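Visitor: no FASTA, just this:
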């Protein structure tokens, strides 16, 4: 059985993508952008064209405004609250953009724009195939350096870094992952990195962006990666059973051509190849680190190497985790993809292909 994870804010699939972009008016100083902050379509097209215009169906967005601050209300008073219903599944996790005014809504091309009390801050909301993308626009170094989002997740949910800090898991109190977030980072319009990080308190995610460097050239925009994530039921055996299987004969269970017989060692070369409908594609990887928290969890990741269809810098994460409440074990697979059209395939087609491949892997494990 496959169960797609609940959708957060995402470029595709089930991940939260928080992008930091900066824009200013035509009277900008040398380190400020000449763009109008409300013109989201023009800004995104100029700075990150892969964020818009992706082919295929898009999720349906349900946007409301928090009109009271009573107990249980998601987000801050007046904030926009968003739930995306993906094109192929049920509605996902609600998210509130706490730093903007829900009543300031306007439209700009494919984007819904919300303004903040600060004239140099806005949020751009954009439907994707499997969720919603939120781009945070910052107009100057005088803008706030922290941007918060309240998520409709259970009390006690944790934000846990995983796989060498390349991603974060949102994990509920039972130990189930309910969301996958790529590690945050940002760069300015000259391509220089801008320090950024996540923090988590209660059910609120905050992205911190360090704008203190006077050399920053606006606009600044975060890494335009997109992510997908799926999970599969494996049975009642503890994750140690999968550990034994894969460490006894890796390619007996892992269904990709080129996989070695022995469990790969750190940084080993993996010349993986996939044949999809007659199209042979390189999935050339390097083995990432393996963590072991058996009997409750273990996992590893592959880092894309030269020639990989996803592009250098991409990664795919595998976790075998037992639910603390039900005792059931699941295989979780998450992809972080640099190439917006891997092998010329639209994101929805690529995700469907990946989903089918990892279903075979789950079937082979069959704990």
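Guide: Ah, there it is. In this text, all values refer to a predicted model and were calculated from it rather than measured experimentally.
Visitor: lowest average confidence, helix or strand, in the chain?
Guide: strand 2-4 (a mean of 35; mean pLDDT, DSSP states H and E).
Visitor: ok, the closest residue to residue 210 other than its chain neighbours - contacts?
Guide: By the measure of C-beta to C-beta, 6 or more residues apart in numbering, the closest residue to residue 210 outside its immediate chain neighbours is residue 195, 4.0 Å from it. Where you see a C-beta, it was placed from the backbone N, CA and C, and this is true even at glycine. Residue 195 makes contact with 186, 209, 210, according to C-beta atoms under 8 Å, 6 or more residues apart in numbering.
Visitor: the last one contacts residue 146, doesn't it?
Guide: No: the pair residue 210 and residue 146 does not pass the contact test of C-beta atoms under 8 Å, sitting 10.2 Å apart.
Visitor: longest single helix anywhere in this protein?
Guide: Longest among the helix segments of the chain by residue count, using DSSP state H, is helix 347-365.
Visitor: what is residue 147 paired to in the beta sheet?
Guide: Per DSSP bridges, the residues bridged to residue 147 are residue 207.
Visitor: element containing residue 125?
Guide: With secondary structure defined by DSSP states H and E, residue 125 is part of strand 121-128.
Visitor: and this structure, what are its domains?
Guide: 2-154+184-223, 230-365 (automatic domain parsing).
Visitor: quick one: end-to-end distance for the last one.
Guide: Pointing back at domain 230-365 there. The first residue of domain 230-365 is 16 Å away from its last residue (C-alpha to C-alpha, to the nearest Å).
Visitor: residues touching the residue nearest to residue 300 when sequence neighbours are not counted, list them.
Guide: Ranked by C-beta to C-beta, 6+ apart and with sequence neighbours excluded, the top spatial neighbour of residue 300 is residue 290, at 4.2 Å. Taking C-beta under 8 Å, 6+ apart as the contact definition, residue 290 lies against 266, 298, 299, 300.
Visitor: which of those residues has the most neighbours?
Guide: Of those, residue 299 is surrounded by the most neighbours, 24 neighbours in total, counting by other C-beta atoms under 10 Å.
Visitor: quick one: strands adjacent to the helix or strand where it lies?
Guide: When secondary structure is defined by DSSP H and E, residue 299 falls within strand 297-304. Strand 297-304 has the following strand partners under DSSP bridges: strand 279-293 (antiparallel), strand 315-322 (antiparallel).
Visitor: drop anything exposed from the contacts of residue 195.
Guide: Restricting the contacts of residue 195 to buried positions leaves 186, 209, with burial counted as 16 or more other C-beta atoms under 10 Å.
Visitor: among the contacts of residue 195, which are located in strands?
Guide: 186, 209 (DSSP state E).
Visitor: can you put the contacts of residue 195 in a markdown table and add pLDDT and distance to residue 311?
Guide: What follows is these, written out as a markdown table (pLDDT from 0 to 100; distance: C-beta to C-beta, whole Å):
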| residue | pLDDT | distance to residue 311 |
| --- | --- | --- |
| 186 | 75 | 19 |
| 209 | 90 | 25 |
| 210 | 93 | 27 |
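Visitor: before we move on, back to that, what's the spacing between the strand holding residue 299 and its chain's center?
Guide: Chain-centre distance of strand 297-304: 16 Å, with C-alpha atoms, centre = their mean, to the nearest Å.
Visitor: residue 61 - that's part of a strand, no?
Guide: Yes: secondary structure of residue 61, determined by DSSP: H, G, I helix; E, B strand; the rest coil: located in a strand.
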